[in-house]
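# Following is a predicted model, sequence given first.
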Amino acid sequence: MASQEQQKYDVVIVGAGMAGMYMLHKLRGQGMRAIVIEAGSDVGGTWYWNRYPGCRCDVPSVEYSFSFSKELEQEWNWTEIMAAQPEILEYVNHVADRFDLRRDMVFNSRVSAASFDEDAKHWTVTTEQGESYTADFCVMATGCLSMPNKPEFPGADRFKGEVYHTGMWPKEAVDFAGKRVAVIGSGSSGVQAIPVIAEQAGEVIAIQRSPVYTFPANNRKLEDGYMDLAKADYATIREQQRNSQTGIIYYSPRRPKPEGAVPGKPKRRPSKTILELTPEQRKQEIRDFGFNVLSQYVDVHTDPEANEIACELYRETLRELVKDPAVADQLAPKNYPIGCKRPVIDTDYYLAFNRPNVRLVDLRETGPIEEITETGLRTQNGAHIEFDMLVYATGFDAMTGALKRMDITGRGGRKLVEKWEDGPRTYLGLQISGFPNMFTITGPGSPSVLSNVIVSIEQHVDWIADCLSYLRGHDLHVIEAEEQAESDWVAHVNEVAKGTMFTAPTCNSWYLGSNIPGKPRIFMPYVAGVHTYRQKCDEIAADGYRGFALAG
Ligand code: NAP
């Protein structure tokens, strides 16, 4: 490692996922000296850690890619509509190589603490490995879903078989052949992993606490010529993404019609609302457009009556897919609305339960997991379930977990964990009052997890880089969110989430922190969309960084 003297930087960036990578590249371009500290042994963040079977992105690959380099856009070819984890990791590695990012990155170093020195006006970041780095600014590029949640079941260390967590999957191949594999969790990770593990394992035992609404990915290989058309359209794609609600436009290339082609009958569009349809028409629309149509009706997201109709239709359709009516009933989500949780996108999840080697354990019937034993687990009703391998697909301490696990100390010795005791408070999800010169990329209070995160990352990185350049240009050295601006922003974030399915009283989701025992129930992301949010950030910057205190 570099000598102590060399370890002083303009900016220290925590995390070498896509956010940290682009932040480094951007700052280098501005002539700033930056260093990235990363716990893993290489770049990739989410795509480095989540290597479980079936892992793939739920945003179209062409749109889930960096826009900052036209050359990069033109040289990279995706192979599927929604890319699988190995392909995304390959892309991320290509970006790291292409822009020579690793020379300013330190791997296998987990940041344990960061503290602001008010006199020196700099941050000191220290790692579990004993290194320390000082910098004028600190950027937390620590990701929203990067702190795995592993419930503490009594007896967990007694289990004699192999144990994995989807969010910390090993690089080496895992051999499922002939094994009985228990998977705890039926969120996005479990839903993706179960059908793929079932193809290899002797038996899969899916241990489900809450059934999910899951929608088919309809993934496929990109047909010949797709990438050429996408490359020609990239400028428009990016523009439309930035001006959209979620940063996803579901791009489809417009192909020239073959010569002499007779125009076909135009495809009917699904109705805008579910309430305007008769029961028969609703069924017809599901037959015509598939399961996904249910989340496309606008009233499903705003009107509880419309939502309940959609939920009932969902359950009916599910019963047609799963052969065993008792299993179909166990898989059917009830008592919470569609749109409350992050939509799960699957490939043949329900069909996996028609396989003879897949069994469902419904914890709503057996009672919660009481303990892990040497050979399996015991549920509250006394039943003992035996298996050889245990996979935790139990998610993450989302949005705040990665930040709170570090000992972050701001002005006046104030700890972030204390400040956030009742839930996260930020200004724009970019800064935290009391923690000068520290920025968070896709922090709580920004669209982050409600958006195509690459679009949000690029917007945050560009905003932070512009801000640092402004400070330099005006001979300013300190920027800190004002307490009042932060309070107003928190109130605004709560206000716009009111009346949506995200905050319905029956909703329990990781957006609200309800998956972590004791975590305050606060809706953390900003629902108004990436376009509105970008406008607000830009206006604030144009207004001399309104709501931020700037000092020399
Ligand atoms: P998750 O959605 O939080 O799901 C965790 C699962 O574990 C839930 O079914 C949960 O049940 C269960 N669980 C947690 N604690 C439990 C306990 N003590 N006993 C029994 N069951 C327990 O986590 P995830 O599946 O990893 O997904 C998290 C997010 O990551 C997704 O929403 C998505 O944003 C992202 N992700 C995306 C993709 C993709 O792009 N397709 C893939 C994977 C992940 P409850 O529901 O009852 O809490």
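Nice, I can see it.
# Can you show me the helices along the stretch 401-550 of the chain?
401-404, 416-419, 453-473, 483-497, 530-542 (DSSP state H, counting those that start in this stretch).
# what's the second one packed up against?
When contacts are defined as 3 or more C-beta pairs under 8 Å, 6 or more residues apart in numbering; DSSP states H and E, helix 416-419 packs onto helix 401-404, strand 407-409. From N, CA and C alone the C-beta is placed, and that goes for glycine too.
# Can you add mean neighbour count and distance to residue 44 and give these back as TSV?
Output for these, formatted as TSV (neighbours: other C-beta atoms under 10 Å; distance: least, C-beta to C-beta, whole Å):
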stretch	mean neighbour count	distance to residue 44
helix 401-404	22	15
strand 407-409	20	24
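# Reformat those as TSV; add mean pLDDT and distance to residue 329.
Compiled in TSV, the helices and strands packed on helix 416-419 are given as follows (pLDDT from 0 to 100; distance: least, C-beta to C-beta, whole Å):
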stretch	mean pLDDT	distance to residue 329
helix 401-404	98	34
strand 407-409	98	47
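# Against which helices or strands is the biggest strand by length in the chain packed?
Assignment by DSSP state E gives strand 132-140 as the longest strand of the chain. Packed against strand 132-140 by the contact rule (3+ C-beta pairs under 8 Å, 6+ apart) you find strand 8-14, strand 34-37, strand 122-127, strand 438-440.
# Next secondary structure element downstream of the longest one?
Okay, so that is strand 8-14. Per DSSP states H and E, the first helix or strand lying C-terminal to strand 8-14 is helix 18-29.
# Can you tell me which of the helices and strands packed on strand 132-140 is most buried?
Among the helices and strands packed on strand 132-140, strand 438-440 has the highest mean neighbour count (mean count of other C-beta atoms under 10 Å), at a mean of 27.
# residues in contact with residue 210?
186, 333, 336, 508 (C-beta atoms under 8 Å, 6 or more residues apart in numbering).
# quick one: which of the residues you listed is nearest residue 124?
residue 508 (38.8 Å; C-beta to C-beta).
# Spell out which parts of the stretch 401-550 of the chain neighbour the ligand.
Within the stretch 401-550 of the chain, the positions adjacent to the ligand are 449, 510, 515 by C-beta under 6 Å from any ligand atom.
# if I look at the nearest residue to residue 383 once chain neighbours are set aside, how far off is the ligand?
Of all residues not flanking residue 383 in the chain, residue 366 sits nearest, at 5.6 Å (C-beta to C-beta, 6 or more residues apart in numbering). Distance of residue 366 to the ligand, given as C-beta to the nearest ligand atom, to the nearest Å: 11 Å.
# Residue 366: neighbouring residues, count only.
17 (other C-beta atoms under 10 Å).
# and what of residue 121?
15.
# Could you measure from it over to the ligand?
From residue 121 to the ligand the distance is 37 Å (C-beta to the nearest ligand atom).
# Kindly report the same for residue 323.
Residue 323 is 23 Å from the ligand, by C-beta to the nearest ligand atom.
# partners of the longest strand of the chain, with directions?
strand 8-14 (parallel), strand 122-127 (antiparallel), strand 438-440 (parallel) (DSSP bridges).
# Pipe those into a markdown table and attach mean pLDDT per row.
Below are the strands paired with strand 132-140 laid out as a markdown table (pLDDT from 0 to 100):
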| stretch | mean pLDDT |
| --- | --- |
| strand 8-14 | 97 |
| strand 122-127 | 97 |
| strand 438-440 | 98 |
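# quick one, what contacts residue 94?
Contacts of residue 94 by C-beta under 8 Å, 6+ apart are residue 76.
# just the CA coordinates of stretch 209-221, formatted as PDB?
What follows is stretch 209-221, C-alpha atoms only, in PDB (Å, rounded to 0.1, in the frame of the first residue of the first chain):
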ATOM      1  CA  ARG A 209     -43.000 -16.400   5.200                       C
ATOM      2  CA  SER A 210     -44.800 -14.100   2.800                       C
ATOM      3  CA  PRO A 211     -45.900 -15.000  -0.700                       C
ATOM      4  CA  VAL A 212     -45.100 -12.500  -3.400                       C
ATOM      5  CA  TYR A 213     -46.700 -10.900  -6.400                       C
ATOM      6  CA  THR A 214     -44.300 -11.900  -9.100                       C
ATOM      7  CA  PHE A 215     -44.400 -10.900 -12.800                       C
ATOM      8  CA  PRO A 216     -42.900 -12.800 -15.700                       C
ATOM      9  CA  ALA A 217     -39.600 -11.400 -17.000                       C
ATOM     10  CA  ASN A 218     -40.300 -12.400 -20.600                       C
ATOM     11  CA  ASN A 219     -36.600 -12.400 -21.100                       C
ATOM     12  CA  ARG A 220     -35.100 -13.500 -24.400                       C
ATOM     13  CA  LYS A 221     -31.900 -13.300 -26.400                       C
END
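# all numbers from here: first residue = 837
All set: I'll call the first residue 837, so the last point we hit is now stretch 1045-1057.
# So for it, what gets flagged as buried?
Using 16 or more other C-beta atoms under 10 Å as the burial criterion, the residues of stretch 1045-1057 that qualify are 1045, 1046, 1047, 1048, 1049, 1050, 1051, 1053, 1055.
# Check for me that the last one belongs to a strand.
No. Secondary structure of residue 1055, determined by DSSP: H, G, I helix; E, B strand; the rest coil: coil, with no strand assignment.
# Nearest spatial neighbour of the residue of the stretch 937-1086 of the chain found nearest the ligand, chain-adjacent residues omitted?
With C-beta to the nearest ligand atom as the measure, residue 1023 is the residue of the stretch 937-1086 of the chain nearest to the ligand, at 2.2 Å. The shortest distance from residue 1023 to any non-neighbouring residue, by C-beta to C-beta, 6+ apart, is to residue 1231 (5.4 Å).
# show me what contacts the one you found?
Taking C-beta under 8 Å, 6+ apart, one finds 981, 984, 985, 1003, 1021, 1023, 1025, 1346, 1351 in contact with residue 1231.
# Just give the closest residue to the last one, not the sequence neighbours.
Counting by C-beta to C-beta, 6+ apart, residue 1351 lies nearest to residue 1231, which is 5.7 Å off, once chain neighbours are set aside.
# do the first one as well
Sequence neighbours aside, residue 1232 is the residue nearest to residue 981 in space, at 4.4 Å (criterion: C-beta to C-beta, 6+ apart).
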